[in-house]
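In: Generate a structure from the sequence data that follows.
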Amino acid sequence: MPTVLITGCSSGFGLETAKLFLEKGWHVVATMRQPKADILPASANLTVLPLDVTDPDSISKAFEQAGAIDVLVNNAGIGAAVPIELIEPDTARLLFETNTLGTLATIQAILPRFRQSRSGTIINVTSTVTLKPLPLVGVYRASKAAVNALTESLAVEMKPFGVRVHIVLPGRSPETSFGSNAMPHLRGLDNADYKPMIEGMIASFRDESGPVTHASDVAAAIWRAATDPSAPLKIAAGEDAVQWLSEAGRP
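Out: Next up, the predicted model:
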C-alpha cells in the first residue's frame, strides 16, 4: 500500500486531498499544526500527525513517525492580501518562512530517502497568481513564485534519480481559508488611495460567479500528479486555473 504525506490538512485543499487518497486505498499521513483527527473519516489507513513547516524539530519528528513515504504533497501555506508599500515586515517574513522555506524544509527532509531508493514523487501546491501580476498579493505571489522556480530546478536535479516532481496550480477558490487567513494582515483600508482597490479585492474573494477552483479539483490534480508518470510538470487545478495556465503559455 503506497503512502502519501500531506501538509496542511486541517481544511480546504489538504483536507479534500487526504479524503480522496483514503478513498483510493492509500495510507494517508495527514499533517497539520494542530491535529484534528475527527475531520477525516476513521480509517486504519489514516495517520494524523502534528507538523509545523516552520519548525525543523516538528518536521523531523513527523517524518520519523510517518515511516516510509512514497509521495510528499506540500500544501501547507498562508495568504496575505495587502499593498506592497504597506505590508508589515513580520508578515512578509511569515509568508516566505511558511510558503517558501517551509516547502524547502520538507523537501530536504524527504530527498535523501527518495534519492537513495531511486523513486518517489514530490508535489508542490502553489497558485495561479504566480502566472500574472495582480494587485495586493505581490509578496504572497513572490513566495509562491519562488516555489515554482525551486520546483522547476528540483525536477531537473531529480530526473537522474527517478524522482518525479510536479507543481499543482489552483485558481481562485471560495472553499479555502485564504480570505479569512489574509484578513488579519490587511492594511490600507484607512488609506484613501488604496481603499477602493482593497474593497474591490474583498468583493472578489466573496464572488462565486464565473469559473472558480473547487477543493475537489485540486485533489484530482494532486492525484494525477501522484499516479500518472506522464503528468506534466505543471498541472492546473480548476476551470479558471486551466484558462490562466493556457494564457500564460501563449506568446
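In: Could you check how many residues crowd around the closest residue in space to Gly120 that isn't next to it in sequence?
Out: Once flanking residues are discounted, Gly120 sits nearest to Phe114: 3.3 Å by CB to CB, 6 or more residues apart in numbering. To be clear about C-beta, it is placed using only N, CA and C from the backbone, and glycine gets the same treatment. Phe114 has 23 neighbouring residues, counting by other CB atoms under 10 Å.
In: The one 10 residues further on too?
Out: Around Asn124 sit 26 other residues, with neighbours defined as other CB under 10 Å.
In: Okay, now the sheet partners of the helix or strand hosting it, with direction.
Out: In this structure, Asn124 is located in strand 121-125 according to DSSP states H and E. Looking at strand 121-125 with DSSP bridges, its partner strands are strand 71-74 (parallel), strand 164-170 (parallel).
In: Check these for me and report the most buried one.
Out: Most buried of the strands paired with strand 121-125, by mean neighbour count (mean count of other CB atoms under 10 Å): strand 71-74, with a mean of 28.
In: Pull out the CA atoms of it and give them to me as PDB.
Out: C-alpha atoms of strand 71-74 as PDB (Å, rounded to 0.1, in the frame of the first residue of the first chain):
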ATOM      1  CA  VAL A  71       4.500  10.800  -2.200                       C
ATOM      2  CA  LEU A  72       5.000  14.100  -0.500                       C
ATOM      3  CA  VAL A  73       2.400  16.800  -1.000                       C
ATOM      4  CA  ASN A  74       3.400  20.300   0.100                       C
END
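In: Return the mean pLDDT over that strand, rounded to an integer.
Out: Mean per-residue pLDDT for strand 71-74: 98.
In: Go through the helix or strand following it and flag the buried ones.
Out: Helices and strands here follow DSSP H and E; after strand 71-74, the next one along the chain is helix 89-95. Neighbour-count burial for helix 89-95 flags 91-92, 94-95 (criterion: 16 or more other CB atoms under 10 Å).
In: Now Glu88: phi and psi?
Out: Per-residue torsions, Glu88: phi -70, psi 140 (degrees, to the nearest 10).
In: So what's the residue count around it?
Out: Glu88: 12 neighbours (other CB under 10 Å).
In: same check, this time on Lys61
Out: 14.
In: With distance to Thr47 added, can I get the strands paired with strand 121-125 in CSV?
Out: Conversion of the strands paired with strand 121-125 to CSV gives the following (distance: least, CB to CB, whole Å):
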stretch, distance to Thr47
strand 71-74, 14
strand 164-170, 22
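In: For Pro160, see how far away the residue of the chain most remote from its centre is.
Out: No residue in the chain sits farther from the centre than Ala192, which is 33.6 Å out by CA atoms, centre = their mean. For Ala192, the distance to Pro160 equals 56 Å [CB to CB, to the nearest Å].
In: same deal with Ile78?
Out: In this view, Ile78 and Pro160 are 34 Å apart by CB to CB.
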